[in-house]
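**Q** show me the folded form of this:
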Amino acid sequence: MALNYNLSKVYALSDNDSEFVNEILTLFVTEVPEDLAQIKEGIKKKDHKHAYAYAHKIKPTLDLLGLNVAFAEILQLEAWTKTEGKKKDIEDTFKSIKNQINDAVKEIKKDFDL
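**A** Below is the predicted model of the structure:
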């Protein structure tokens, strides 16, 4: 039972094509953690454009996989990049996003043998 993600949108989009769902999940577990590392790097270096680019890239995936809180927080992160806010203002939000994604990745890997 999925606790950290929801595949209803993925199944609806794919007309219940399990092969397509597996491809989406494989991309999520391989690419999103790498993109998250890029966001962290952008925050660390105060490179707001870099952080924004990767936040914007993963935003649709968070929505698609039902990570609603992480999706709302990625919107906050995007807003932070646009105002070029201070690093300390976004650290807790980023940590929350990272934890939610990591929990979803672990659960998906276990549930789908990825």
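**Q** list the contacts for Ala53?
**A** 38, 42 (C-beta atoms under 8 Å, 6 or more residues apart in numbering). (Glycine included, C-beta is placed from N, CA and C.)
**Q** mind checking which helix or strand it is in?
**A** helix 48-64 (DSSP states H and E).
**Q** for that helix, output the C-alpha coordinates as PDB.
**A** Provided in PDB are the C-alpha atoms of helix 48-64 (Å, rounded to 0.1, in the frame of the first residue of the first chain):
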ATOM      1  CA  HIS A  48      18.800  31.000  -7.600                       C
ATOM      2  CA  LYS A  49      18.400  30.400 -11.400                       C
ATOM      3  CA  HIS A  50      20.000  27.000 -11.100                       C
ATOM      4  CA  ALA A  51      17.800  26.000  -8.100                       C
ATOM      5  CA  TYR A  52      14.700  27.300 -10.000                       C
ATOM      6  CA  ALA A  53      15.500  25.300 -13.200                       C
ATOM      7  CA  TYR A  54      15.700  22.000 -11.300                       C
ATOM      8  CA  ALA A  55      12.700  22.800  -9.000                       C
ATOM      9  CA  HIS A  56      10.700  23.700 -12.100                       C
ATOM     10  CA  LYS A  57      11.800  20.400 -13.800                       C
ATOM     11  CA  ILE A  58      10.600  18.100 -11.000                       C
ATOM     12  CA  LYS A  59       7.400  20.100 -10.200                       C
ATOM     13  CA  PRO A  60       5.100  18.200 -12.600                       C
ATOM     14  CA  THR A  61       6.500  14.800 -11.400                       C
ATOM     15  CA  LEU A  62       5.600  15.600  -7.800                       C
ATOM     16  CA  ASP A  63       2.100  16.500  -8.900                       C
ATOM     17  CA  LEU A  64       1.800  13.400 -11.100                       C
END
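**Q** any idea which helix or strand comes after that helix?
**A** Assignment by DSSP H and E places the next element after helix 48-64 at helix 68-83.
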